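Peer 1: fold the following and give me the result.
(chains A and B)
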Protein chains: 2
Amino acid sequence: MTRSFSITFELDDGRVVGEGASMGETLLNVARRAGVPIDAPCAGNGACGKCRVLIKGGEVKCGQDRHLSKNDFDAGYRLSCISEVVEDLIVFVPQSALAWQNQIRVADFSSGGGALESFEAMKNALLSDEYMADPMFAELELDMCPPSPDDAMADRERLIAASAEALGVDNDCISFSLYALRKLPQILREKDFRVSVLVRKGMIIDVCGSDVSGSAHGIFGVAVDIGTTTVSAALVDMGTGEIAAMGSAGNAQIRFGADVITRLIEGSRPGGVSRLREALVDECLCPLIAGICEKAGVEPEQIYRTAVAGNTTMMHLFLGVYGNNIRLEPYVPAFFSAFGISERDLGLGIHPDSDIILAPSVGSYVGGDITAGVFASGIAEKESMSLFIDLGTNGELVFGNSDFLMACACSAGPAFEGGEIACGMRATDGAITAVTIDAETMEPTYDVIGDDGQLPAGLCGSGLIDIISELFRAGIINAKGKFAREGERIRADEWGLTRYTVMEGDKTLDGGEIYISDADIDNFIRAKGSVFSAVMTMLNSVGMEPEMIENVYLAGGIGSGINIGNAIAIGMLPKLPEEHYHYIGNTSLSGAYAMLVSDKARDRINEIANGMTYLELSSVPGYMDEFIAACFLPHTDASLFE
Amino acid sequence: MTRSFSITFELDDGRVVGEGASMGETLLNVARRAGVPIDAPCAGNGACGKCRVLIKGGEVKCGQDRHLSKNDFDAGYRLSCISEVVEDLIVFVPQSALAWQNQIRVADFSSGGGALESFEAMKNALLSDEYMADPMFAELELDMCPPSPDDAMADRERLIAASAEALGVDNDCISFSLYALRKLPQILREKDFRVSVLVRKGMIIDVCGSDVSGSAHGIFGVAVDIGTTTVSAALVDMGTGEIAAMGSAGNAQIRFGADVITRLIEGSRPGGVSRLREALVDECLCPLIAGICEKAGVEPEQIYRTAVAGNTTMMHLFLGVYGNNIRLEPYVPAFFSAFGISERDLGLGIHPDSDIILAPSVGSYVGGDITAGVFASGIAEKESMSLFIDLGTNGELVFGNSDFLMACACSAGPAFEGGEIACGMRATDGAITAVTIDAETMEPTYDVIGDDGQLPAGLCGSGLIDIISELFRAGIINAKGKFAREGERIRADEWGLTRYTVMEGDKTLDGGEIYISDADIDNFIRAKGSVFSAVMTMLNSVGMEPEMIENVYLAGGIGSGINIGNAIAIGMLPKLPEEHYHYIGNTSLSGAYAMLVSDKARDRINEIANGMTYLELSSVPGYMDEFIAACFLPHTDASLFE
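Peer 2: This is a model prediction of the structure:
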């Protein structure tokens, strides 16, 4: 392919990247090839307007679009996904186009009120004798006789004999990893045949000078939650179970689309699975793990075990397995579980004999993040009925108790993370949240995530819930989400949409007006309707009523900091006393932690997965009616929320 | 490092290679860096004269040397190992400098008379029920129901269930390799859920469309003998045990030295182990295996098991393990055995889940080639006493029967393969063999390996045995190996050495005179003396006499085609009736084959290794006396050979 034009990308962070382009190619494609991380939550079909760039030199072929005001268009802003290259270009990529990968708040155990205590409680239970019955690693301090003319035993056989004696087993119960063998001859002689040996399930996987053993040379593991949007990791001291460091990063796959469907489609293209795997592993996981190791002063080679939880699609892309059938009738993944995976299969840059364990999936849209999360939430151990809701980029729900568990996925889409909302964004610095609107004057008041003086940049999930609830309460929008009042903040744009202006452009981070349009409200109502109709469909399938739910556990990014009252008021969550709602933060990560430190917890999570019933909503009679009924404010049957 | 000069190598085979060089660097170093395979059997200490090159442009800093006649020196020939770069150069690398890697005869099972029958006998025994009791691989033909809305079981779990049913075991007895998982989703749908599955010890390691199964898609293995000089491989149909193809190649490590000591020294240098591993794996094994696969029309990915035998040093360098302690008191290898090695550790270019099994070593100088060879020779199953002699680049001997086995290595050096002999070469085209000398006229007659009209290039091991035996018989040399007669073929050179001229330069392949000097004879007498003294030392240690040896088995390159009568006459082999001597060819490769096709044979080889006593000659009292006594023609105690 001849690339006739040269495109220069100037990134907001100062980087400058050059790349060749062919006649008619979209700017987004060129950026992807060049590794310029322009976000395209809608996967480049012009639906989200997130890929706004400024053409500073040359011109592209691109019509105006509802995502661009006339002023912006005249100023040279274009959507890179619908801009075709026809000449050489200089393109400025603003912070807003990179926002999905910037400043992600660590989605840690403590996000969301009570979660830390519940995590601590789980950790203490896990570290009790009951769970730690059979330790994963044995570290032996050996002091051997050096070889002599009368004893020319080979190094490996000498070490095995000494280890077997220390463990009180036969020599042939002990195997040896090639990695350890390659280190062996020199370290034995450097350390004068006094070494410490790390044994995992009968295999010698490492040999170290005993003088660097103990705390200095510790045994570590890493727990990972691979989210569609955010990847979080915790470095764990396998000796104590304590968390040595944590970190998060944006999932670099985001540039191929915000939701799993767009990733699966990209993965179905030639080389797509590798591209997505490399974006995840090389661009996120490796630097993330290296980073938390550095924070804690630990060598990545000290990581001997990794536990990973994520949705079914992420698990496929993590292992580099073709997952496109997940999105095609009858929605069949390539695997639910995978065992015997090791670092050498994946290249995370940790100890080559590190085993990598995965939380099992139960369906195409109920993955390891949910099975791990259900364990972490404890609902599988309770007699009373619980509802577990994980609202991230996807929405998954689990209902039941210690006798039965039923799971389903709702097609909430990315609205709760600000996706497909004109001024939407994730809950990072600059996000507007906790909104109230004066019913009289229609003037809003709100908080902005970030330090004092942080300028607002957009609306995150919890902010959207509040705004819509407030607009509805004040009668500014009606039950169908259409604008019902007039005023200075209610404006029509050139695309025939009506909007409520939250903040004028002159007071925002990137100079664009922050507003919510009736199209955005439609999107959001469909999202909240899909959550509530999923709850009702599960309840109906076992002939139960909302009030039979004892506790509701909210996990995932959206969970933290949403206003439950408002969420009930708009008909997103069932009407229960607020004290029955609990934020439990990133339970996918907590569950991965549990698998990491305890084989018993891992077994229990596999048990939970095997016992869980997967409900494919689209194939449940009556689901569509439930959904349509829920696409009102609060619901066609308002009595449910009174 | 600044490389101020540019060196151009013109190879005999037409290739031209350029490389930078620094002031004072030796040409051999530059050649090694450039990947120009100039042989340096003596590892570049000027001892062997094999690295002769012709300086066509520029001049090097290099004194004359006994390995170069004045004529050759004046003609521009230099030894690359002692030639220092002082300016830009054009260097011609003649065929003779490449000879060690050229035209190697396939060291196959049949080399050496009766070997093929004995191999066939072994093979038939191995393929009998007794050895094949528990098959390594199960190939299942599965015809599964495709998924449906009512059956959205994942691909992996579906295949495991079907396989478990076919094998009559529980699902959880079956594991799945990641390689197979990555192939699974597409192949299931391409083949409409009718596939053939390959299971090894409960693990699904491959999935193929069943229409390509059977003979077209077979299960293959490869048996490999890694010799210090030559690497041989046999591609085996694991279904029938038949050999599909064979091949050999020079061990590219030869450019770092001809014997294991020089390799170990190179391996002790920074990056040396990797350099040697890559020379062996990337330059020899990968192309060799790819080549025999092509010959047989088999895909390398159809190789699911590999069995390797070689000496202790080669096993270390094959696995990339530091082996330098092998050559240092008290001569301790890093390992005798290694288990659980797989293709992913080594990169031979075969099926990634291929397991790679190694023949165990019993000492620093008695390796897997010997334990495998002893099994193949059958001496461990006989009641009568046998002597097993493997004379390749190294000499190893095993003595005993089904009750006991004792092994030792003799420091024969490379003389039997022509190493450290001025006109020595391996038994390839152009090698002089089967020599007789007229006692009257001193005129030689001989055969030359190769087609009719092949010009002689040098003297191989069997030729050297004959010449020395004939020179001694004719009284041309005395019991000390010194020249005792005068004549037209007996000449002194400018280095004070006396030589017997076998062939004038005008009738040889590369125009150099072919001769044997008293220095060469010294070398050879020490080599033959080391063999015989090893035999005597082993016999003495159990109070036995040579005539108690029932059978002598000659294995390895030298074995084939040597004149037993002459070998006895010069005191190299014990005096026994010639019919008690048997050539059994490359038993290292036969033994590797046995391990490949039969786990029981593999177990037996490990048993043999565990039961074998390793005799470190240098530490046996009286060995030196035996050696000195054997450094005469035939021996100080001539009665041993009358």
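
Peer 1: tell me the domain ranges of chain A?
Peer 2: Per automatic domain parsing, the structural domains of chain A span A:4-102, A:134-209, A:220-358, A:379-414+A:524-636, A:417-517.

Peer 1: out of these, which is closest to B:Glu299?
Peer 2: With Cβ to Cβ as the measure, domain A:220-358 is the member of these nearest B:Glu299 (21.2 Å). Backbone N, C-alpha and C define where each C-beta goes, glycine included.

Peer 1: let me see the contact set for the spatially most central residue of chain A.
Peer 2: Relative to the mean C-alpha position of chain A, the nearest C-alpha, by Cα atoms, centre = their mean, is the one of A:Gly227, at 1.7 Å. Shown here is A:Gly227, whose contacts under the criterion Cβ atoms under 8 Å, 6 or more residues apart in numbering or on different chains are A:Ala107, A:Asn251, A:Gly310, A:Asn311, A:Met314, A:Asp369, A:Gly392, A:Thr393, A:Gly557, A:Ser588.

Peer 1: same thing but 7 Å
Peer 2: A:Asn251, A:Gly310, A:Gly392, A:Thr393 (Cβ atoms under 7 Å, 6 or more residues apart in numbering or on different chains).

Peer 1: so of those residues, which ones are in strands?
Peer 2: The strands, defined by DSSP state E, take in A:Gly310 from the contacts of A:Gly227.

Peer 1: from the contacts of A:Gly227, pick the one nearest B:Phe399.
Peer 2: Closest to B:Phe399 out of the contacts of A:Gly227 is A:Gly310 (62.5 Å), distances taken as Cβ to Cβ.

Peer 1: burial count for that closest one?
Peer 2: In terms of burial, A:Gly310 registers 28 neighbours under the definition other Cβ atoms under 10 Å in any protein chain shown.

Peer 1: ok, the one 3 residues further on next?
Peer 2: Neighbour count for A:Thr313, taken as other Cβ under 10 Å: 28.

Peer 1: could you check the pLDDT of the residue nearest to the centre of chain A?
Peer 2: What the model reports for A:Gly227 is a pLDDT of 91.

Peer 1: before we move on, back to that, pick out whichever of the contacts of A:Gly227 sits closest to A:Glu383.
Peer 2: A:Gly392 (28.5 Å).

Peer 1: what about the closest one, distance to chain B?
Peer 2: Taken as Cβ to the nearest Cβ, to the nearest Å, the spacing of A:Gly392 relative to chain B amounts to 22 Å.

Peer 1: low-confidence bits of the stretch 201-350 of chain A, can you list those?
Peer 2: Under the criterion pLDDT under 70, the flagged ranges of the stretch 201-350 of chain A are A:210-217.

Peer 1: could you pick out the residues of it near chain B for me?
Peer 2: Contact residues, the stretch 201-350 of chain A versus chain B (Cβ under 7 Å from any Cβ of the partner chain): A:319-322, A:325, A:330-336, A:338-341, A:344-345.

Peer 1: now with 6 Å?
Peer 2: Applying Cβ under 6 Å from any Cβ of the partner chain, we find that the stretch 201-350 of chain A lies next to chain B at A:321-322, A:325, A:330-336, A:340, A:344-345.

Peer 1: please flag which of those sit within helices.
Peer 2: Those of these mapping onto helices are A:Arg344, A:Asp345, per DSSP state H.

Peer 1: smallest gap between the stretch 301-450 of chain A and chain B, at which residue?
Peer 2: Evaluated by Cβ to the nearest Cβ, the stretch 301-450 of chain A has A:Phe335 as its residue closest to chain B, separated by 3.8 Å.

Peer 1: dihedrals phi and psi, the residue nearest to that residue when sequence neighbours are not counted?
Peer 2: With sequence-adjacent residues excluded and distances taken as Cβ to Cβ, 6 or more residues apart in numbering or on different chains, A:Phe335 is closest to B:Arg156, at 3.8 Å. When read as degrees, to the nearest 10, the backbone of B:Arg156 gives phi -60, psi -50.

Peer 1: C-terminal to the helix or strand of chain A with the lowest mean pLDDT, what's the next element?
Peer 2: Across the helices and strands of chain A, mean pLDDT, DSSP states H and E gives its lowest value to helix A:95-98, namely a mean of 70. Downstream of helix A:95-98, the next assigned helix or strand under DSSP states H and E is helix A:115-126.

Peer 1: show me what the helix or strand following that next one is packed against.
Peer 2: Remark: after helix A:115-126, the chain's next helix or strand is helix A:129-132, criterion DSSP H and E. Judged by 3 or more Cβ pairs under 6 Å, 6 or more residues apart in numbering or on different chains; DSSP states H and E, helix A:129-132 has no packing partners among the helices and strands.

Peer 1: buried stuff in helix A:129-132?
Peer 2: When neighbours are counted by 16 or more other Cβ atoms under 10 Å in any protein chain shown, the buried residues of helix A:129-132 are found to be A:Tyr131.

Peer 1: that helix: how far from the chain's middle?
Peer 2: For helix A:129-132, the distance between its averaged C-alpha position and the chain's averaged C-alpha position is 30 Å (Cα atoms, centre = their mean, to the nearest Å).

Peer 1: other SSEs contacting the next helix or strand after it?
Peer 2: Taking DSSP H and E as the definition, the helix or strand that follows helix A:129-132 towards the C-terminus is strand A:137-143. If you count contacts as 3+ Cβ pairs under 6 Å, 6+ apart, strand A:137-143 packs onto helix A:155-167, strand A:194-200.

Peer 1: which of those has the lowest mean pLDDT?
Peer 2: Per-stretch mean pLDDT for those is lowest at strand A:194-200 (a mean of 93).

Peer 1: okay, buried residues for that one please.
Peer 2: If you call a residue buried by 16+ other Cβ under 10 Å, then strand A:194-200 has these buried ones: A:Val195, A:Ser196, A:Val197, A:Leu198, A:Val199, A:Arg200.
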